[in-house]
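Visitor: Sharing a model that was predicted from the sequence below.
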Amino acid sequence: MNKKILVTAMVVIMLLLGIAAVLIGIRLATLPTTTPLDGKAAPPSAEFTNNPCSGQCESGAECNSFGNPPVGKMWSCWYNSSVGAYRCAYDDYNSGGSSCYYDCSSGWQPCGCDWNACVDACLDKIGPGESGKHTMPCDNCGQKFTCDCEKPQASPTPTPTGTPTATPTTPVTATPTTPVTTTPTRPVTATPSKRPSETPTVTPTLPTTALISDKADMVLFGAMLMVLGIGFYRVGMFNLIERMFWYFGGKAVLGKYNTKYFNEKINAEREDFEEKF
């Protein structure tokens, strides 16, 4: 094959691969990142556990498998700097407001934990004079949170006692009055107050340097280096590199080894020198 055609084909292939990598990198750069730490640090009230989580977007729901959180708390996943890894944590429900959890498609969003619906479900499964608690997932993030409730004791209806002894001469028809039935009302359960808005401390991090991802970049650059290596071999570039290495120090080092390859090179140089004189 003509060397010019081969070199031209190599250049075109490498340019196409490079342009494709840049376009894919620009496209991925416009998508939201995947770690909760990008843009928000763990809230001060987060109570870390030893349970691991991935730290990816929507990873707070991964912690649901580790049981139910305490009353007034929800599961969440944050980076624990003391252990250098992501860990499940108990966090105030709906902590962070509209920046409660990191949605994979739309970024930071509210968790939507419905406290009133949780209390209603809690009251439905207890009797008068009892108290209890209920755990359910938040509407948006799917992270479990726990609420508590208490139902008052039912008031008994008074029953009249005794038998009247006096017989009235004139019967008096009494108009019965409708007894007032007291309907027990559900107590207003105090909702844990939300923390005042806090400005999270974001740890400065280096910008993402991968064009696509680490694995995809290695495959791409590997293919480019293979094409480049084949081109070097076909156009004789390796011979030029070998000569440069040999004459700029390689001869003094490798020429000492008594091998067939190095002996042939030295003999060829000697014959060339003798032919000139």
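Guide: Nice, thanks for sending it over.

Visitor: Trp78 contacts Ser95, correct?
Guide: No: with contact defined as Cβ atoms under 8 Å, Trp78 does not reach Ser95; the gap is 10.5 Å. All C-beta atoms are positioned from the backbone trio N, CA, C, and that covers glycine.

Visitor: Quick check: neighbours shared by the two?
Guide: Pro43 (Cβ atoms under 8 Å, 6 or more residues apart in numbering).

Visitor: show me where this protein has strands.
Guide: Under the criterion DSSP state E, strands of the chain are mapped to 47-52, 73-80, 85-92, 101-103, 107-109, 131-137, 144-150.

Visitor: Extract the C-alpha set from the last one and format it as CSV.
Guide: Once non-C-alpha atoms are left out, strand 144-150 reads as follows in CSV (Å, rounded to 0.1, in the frame of the first residue of the first chain):
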residue,chain,number,x,y,z
LYS,A,144,-38.1,6.0,54.4
PHE,A,145,-39.0,8.3,57.3
THR,A,146,-40.8,7.6,60.6
CYS,A,147,-43.5,9.6,62.4
ASP,A,148,-45.4,9.0,65.7
CYS,A,149,-49.0,9.4,66.9
GLU,A,150,-51.3,9.1,69.9
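
Visitor: Which positions within that strand qualify as buried?
Guide: Buried positions in strand 144-150, judged by neighbour count with 16 or more other Cβ atoms under 10 Å: Lys144, Phe145, Thr146, Cys147, Asp148, Cys149.

Visitor: tell me the angle of it relative to strand 85-92?
Guide: Put simply, strand 144-150 runs at 20 degrees to strand 85-92, going by axes from the mean of the first three to the mean of the last three Cα atoms, to 10 degrees.

Visitor: List the contacts of strand 144-150.
Guide: Residues outside strand 144-150 that contact it (Cβ under 8 Å, 6+ apart): 63-64, 68-75, 93, 113, 115, 118-119, 122-123, 126, 130-138, 186-187, 189.
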